[in-house]
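Engineer: One predicted model, sequence on top.
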Amino acid sequence: MDTLTKHEDRLIFGGLTLRDIVFYLAIIVSALSFCSNQSIANLCTMVMYGLWAVLAVLLFMTSDMRINYTLLYMLAVYLYAYILIKVLYLSGLYRTNGMGVAGYLLYCVVFYFIGYNLPCNRKKNIVYGMIISYIVAHIIFTLSLYVLLQDTRSETKNMSGQIMGLGILLEILIVPRITKNLIIRVLGYIFAVFAIFTLFDLHSRTPFIAIIVVLVFAIFQKKRPFYVYLIFALSVYIVFMFVTTTEKGYELFQEFIIGDHRYTSVEITDADIILSGRPSLYVESIKDFLEHPLIGLGAWAYIDCFPINVLRSGGLLLGVFIIPYAYGKLFSVIFGFKKNTTDIEKDDVRYVLFELAKYLSLFFVVISVMEGYPPLGPGASAFYLWISLGLRDSYIYEKNMNLDKQ
């Protein structure tokens with residue numbers, strides 16, 4: 001429902017409002033909060049919370065506040081999970097009172113709410129601005145990662161990989177949609193290749209796999225001339241061959257595939273070695289769930305697979321509310337793309353936004369198979385997805401409202 005209209009915000013710099021500037025800065029520092037440099041990461045994390053809070057206040061002051069069933073559902077499930085987990089912990093059925101993956105629903109509510117309530121009269125600037133700001137953050141993040149790779153916090157490599165993966169997809173799939181400048185397009189492809197090999201050096205395999213799946217999907221969607229992907233694939237292949245033909249490069253490739261330095265000289269035949277022990281852990285986790293199907297084991301029982309993690313940690317009492325919703329939301333974005341863009345020109349900003357939401361959704365679907373928190377979190381990795389989904393849904397709302405008026 002809509003509230004009373006607030007006063008309009010004013011342009012203050014180069015066609016930007018204060019809200020725009022805060023929004024773009026929040027995107028940049030959020031993406032940089034997992035920077036390789038610990039000091040920069042800590043600073044960005046502190047600034048990030050402040051900027052999002054300021055943005056929320058500015059939105060309330062300058063926009064009509066809207067809520068929908070998606071927001072209400074996520075908030076209701078979060079409150080339900082919070083109460084349920086506290087009760088189970090106080091009853092002695094859980095070892096800890098941590099919320100685990102369910103706790104990230106609150107972040108999803110905040111970011112989706114922001115995207116859903118960004119002023120509709122300036123969405124073209126907002127969409128392009130959020131794309132450009134993330135690419136700026138991605139360039140800074142990747143360069144810092146490349147320079148300081150040895151200092152990278154290993155426990156955050158997968159989250160770093162997700163942040164990089166989103167930037168790579170923007171540079172390959174979205175930048176060519178928003179500019180006809182050949183130089184910018186070529187530079188985008190070149191940096192994407194560089195980022196892919198920085199990601200390769202990071203040994204973060206999950207986002208690497210997700211990028212491949214999204215690119216293959218995009219090719220079969222025929223949204224761009226095939227030669228574009230062919231040139232990009234050849235560029236990756238040439239660099240890959242150049243790297244792996246050296247002894248050090250070949251060892252790096254082995255380490256990437258098997259994910260552990262200890263197995264560099266071992267023949268790759270064991271699925272557990274290749275997948276960092278995930279298959280055996282999945283089997284054990286499913287057994288744990290079957291032994292505690294109703295309530296699970298609690299947040300301490302984390303496992304690198306979103307649906308298994310939810311069921312093992314929270315049982316059916318959480319799983320039936322979280323898993324169908326999360327995947328239902330993402331798949332509705334992916335497979336509802338054609339339906340929602342039939343009357344939109346391909347150079348329209350709405351078409352670009354729907355494409356962006358589609359690719360991000362597929363990226364996180366793949367990630368969720370091999371990570372325990374996506375697509376709901378962690379916040380600094382998944383925030384961009386939920387802002388994009390909020391923006392997308394606001395367009396659908398406006399379209400339906402216009403049809404009702406007619």
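Structural biologist: Nice, I can see it.
Engineer: Quick check: end-to-end length of stretch 327-345?
Structural biologist: 28 Å (Cα to Cα, to the nearest Å).
Engineer: State the distance from residue 354 to residue 333.
Structural biologist: According to Cβ to Cβ, to the nearest Å, residue 354 stands 8 Å off from residue 333. No exception for glycine: its C-beta is placed from N, CA and C like everyone else's.
Engineer: Now the common contact residues for the two.
Structural biologist: residue 392 (Cβ atoms under 8 Å, 6 or more residues apart in numbering).
Engineer: Excluding chain neighbours, give the residue nearest to residue 191 in space.
Structural biologist: residue 171 (6.0 Å; Cβ to Cβ, 6 or more residues apart in numbering).
Engineer: The one you found touches residue 185, doesn't it?
Structural biologist: No. Between residue 171 and residue 185 there is no contact under Cβ atoms under 8 Å: 9.2 Å.
Engineer: who has more neighbours, these two?
Structural biologist: residue 171 (26 against 16; other Cβ atoms under 10 Å).
Engineer: residues touching that one, list them.
Structural biologist: Applying Cβ under 8 Å, 6+ apart, the residues contacting residue 171 are 135, 138, 188, 189, 191, 192, 195.
Engineer: and with 7 Å instead?
Structural biologist: 135, 188, 189, 191, 192 (Cβ atoms under 7 Å, 6 or more residues apart in numbering).
Engineer: and the first one, how many neighbours?
Structural biologist: As a burial measure, residue 135 scores 20 neighbours (other Cβ under 10 Å).
Engineer: And the helix or strand where it lies, what's buried?
Structural biologist: In this structure, residue 135 sits in helix 123-147 according to DSSP states H and E. Across helix 123-147, burial judged by 16 or more other Cβ atoms under 10 Å covers 123, 126-138, 141-142, 144-145.
Engineer: Which helix or which strand is home to residue 299?
Structural biologist: Per DSSP H and E, there is no helix or strand for residue 299.
Engineer: would you put the C-alpha positions of the following helix or strand past the helix holding residue 135 in CSV?
Structural biologist: Where DSSP H and E defines the elements, the next helix or strand beyond helix 123-147 is helix 157-169. Extracted in CSV, the C-alpha atoms of helix 157-169 (Å, rounded to 0.1, in the frame of the first residue of the first chain):
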residue,chain,number,x,y,z
LYS,A,157,37.5,-16.4,-0.5
ASN,A,158,34.0,-17.7,-1.6
MET,A,159,32.3,-14.5,-0.6
SER,A,160,35.1,-12.6,-2.5
GLY,A,161,34.5,-14.9,-5.4
GLN,A,162,30.8,-14.1,-5.4
ILE,A,163,31.4,-10.4,-5.5
MET,A,164,33.9,-10.8,-8.3
GLY,A,165,31.5,-13.1,-10.2
LEU,A,166,28.8,-10.6,-10.2
GLY,A,167,31.1,-7.9,-11.6
ILE,A,168,32.3,-10.3,-14.4
LEU,A,169,28.7,-11.0,-15.5
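Engineer: Helix 157-169: how far from the chain's middle?
Structural biologist: 8 Å (Cα atoms, centre = their mean, to the nearest Å).
Engineer: I'd like the next helix or strand past it.
Structural biologist: Next along from helix 157-169, by DSSP H and E: helix 175-178.
Engineer: what packs against that following helix?
Structural biologist: helix 182-202, helix 349-370 (3 or more Cβ pairs under 7 Å, 6 or more residues apart in numbering; DSSP states H and E).
Engineer: With mean pLDDT and distance to residue 21 as added columns, please give those in a markdown table.
Structural biologist: A markdown table is the format used below for the helices and strands packed on helix 175-178 (pLDDT from 0 to 100; distance: least, Cβ to Cβ, whole Å):
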| stretch | mean pLDDT | distance to residue 21 |
| --- | --- | --- |
| helix 182-202 | 85 | 22 |
| helix 349-370 | 93 | 20 |
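Engineer: could you dump those helices to CSV with distance to residue 324?
Structural biologist: Putting these into CSV (distance: least, Cβ to Cβ, whole Å) gives the following:
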stretch, distance to residue 324
helix 182-202, 31
helix 349-370, 13
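Engineer: quick one, which of those helices is packed in tightest?
Structural biologist: Mean neighbour count (mean count of other Cβ atoms under 10 Å) peaks for helix 349-370 among the helices and strands packed on helix 175-178, with a mean of 23.
Engineer: Counting neighbours, what do you get for the closest residue to residue 75 other than its chain neighbours?
Structural biologist: Leaving aside its sequence neighbours, residue 75 sits nearest to residue 109 (Cβ to Cβ, 6+ apart; 5.2 Å). Using other Cβ under 10 Å, residue 109 has 20 other residues around it.
Engineer: and if you look at residue 60?
Structural biologist: Neighbour tally, residue 60, other Cβ under 10 Å: 12.
Engineer: Then it would be within a strand, right?
Structural biologist: No. Residue state for residue 60 (DSSP: H, G, I helix; E, B strand; the rest coil) corresponds to helix; a strand is not indicated.
Engineer: that older thread, where's the residue nearest to residue 75, which helix or strand?
Structural biologist: With DSSP H and E as the criterion, residue 109 is inside helix 105-117.
Engineer: what comes into contact with that helix?
Structural biologist: 52, 55-56, 59, 63, 65-66, 68, 70-71, 74-75, 77-78, 376-377, 379, 383, 386-391, 393-394.
Engineer: swap the cut-off to 8 Å and go again
Structural biologist: So helix 105-117 is contacted by 23, 52, 55-56, 59, 63-68, 70-71, 74-75, 77-78, 81, 322, 376-377, 379, 382-383, 386-394, 397 (Cβ under 8 Å, 6+ apart).
Engineer: Tell me the buried residues within those residues.
Structural biologist: 23, 52, 55, 59, 63, 66, 68, 70-71, 74-75, 77-78, 81, 322, 376-377, 379, 382-383, 386-394.
Engineer: separation between the residue nearest to residue 75 and residue 76?
Structural biologist: Residue 109 sits 10 Å away from residue 76, going by Cβ to Cβ.
Engineer: how about the nearest residue to residue 105 once chain neighbours are set aside, secondary structure?
Structural biologist: In space, and not counting its chain neighbours, residue 105 is closest to residue 78: 4.0 Å by Cβ to Cβ, 6+ apart. Recorded secondary structure, residue 78: helix (three-state DSSP).
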